[in-house]
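[1] okay, here's the prediction I keep looking at, along with the sequence it came from:
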Amino acid sequence: MIRLGSLAGYAFSGPRLLAGWDPPAEPGVYAILYKPEPDRERYAVVYVGHADDLTTEGLPLRHPRSHCWTRRAGGKWRLHVATLSIPGGTTGHRKMVAEELISMYTPHCNAERYDGAWRPEWTL
């Protein structure tokens, strides 16, 4: 298990080596990770996505952004995946979690960028 996100975070399953992984046929949020320093147990988030069915995302290495992941990590055998299942969660919920993680980590291979800042007028 790895925790990603703000505060206590979300408990993701993994990380697992991406190259030998078979995605489950279920909805979820996923993070592609690598170790910038292979000798340390610290991971960098290189991509975050979500899907109604993880088998349709082109995972492990047929995803449209997988070339970016491989280049950033220095090879396909240095990539890892972590997944988050949200029981009863909707597409909107998974999208919200993915956007939060993208705003927090600004993964190199995500084209999307989200501002994680809060404005005082948004709170009561």
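    Everything's here; your move.

[2] and residue 73, how far from residue 14?
    15 Å (Cβ to Cβ, to the nearest Å). Quick note: C-beta positions are derived from backbone N, CA and C, even for glycine.

[3] check residue 44 too.
    From residue 44 over to residue 14 (counting by Cβ to Cβ), the distance is 14 Å.

[4] who has more neighbours out of these two?
    Neighbour count, other Cβ atoms under 10 Å: between residue 44 and residue 14, residue 14 has more, with 18 against 15.

[5] which residue ranges form the strands in this structure?
    Residue ranges of the strands in the chain, as given by DSSP state E, are 2-4, 10-17, 28-34, 44-51, 79-84.

[6] tabulate the ones you listed (TSV), appending distance to residue 108.
    What follows is the strands of the chain, written out as TSV (distance: least, Cβ to Cβ, whole Å):
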stretch	distance to residue 108
strand 2-4	16
strand 10-17	17
strand 28-34	10
strand 44-51	6
strand 79-84	13
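
[7] deepest-packed of the ones you listed, please.
    strand 28-34 (a mean of 26; mean count of other Cβ atoms under 10 Å).

[8] middle-most residue in the chain, spatially?
    Compute the mean C-alpha point of the chain, and by Cα atoms, centre = their mean the closest residue is residue 31, 1.7 Å away.

[9] is it in a bridge, and if so with what?
    Beta bridges link residue 31 to residue 48, residue 82 when assigned by DSSP bridges.

[10] contacts only, for it.
    The contact partners of residue 31, by Cβ atoms under 8 Å, 6 or more residues apart in numbering, come to 4, 12, 45, 47-48, 81-84, 101, 107.
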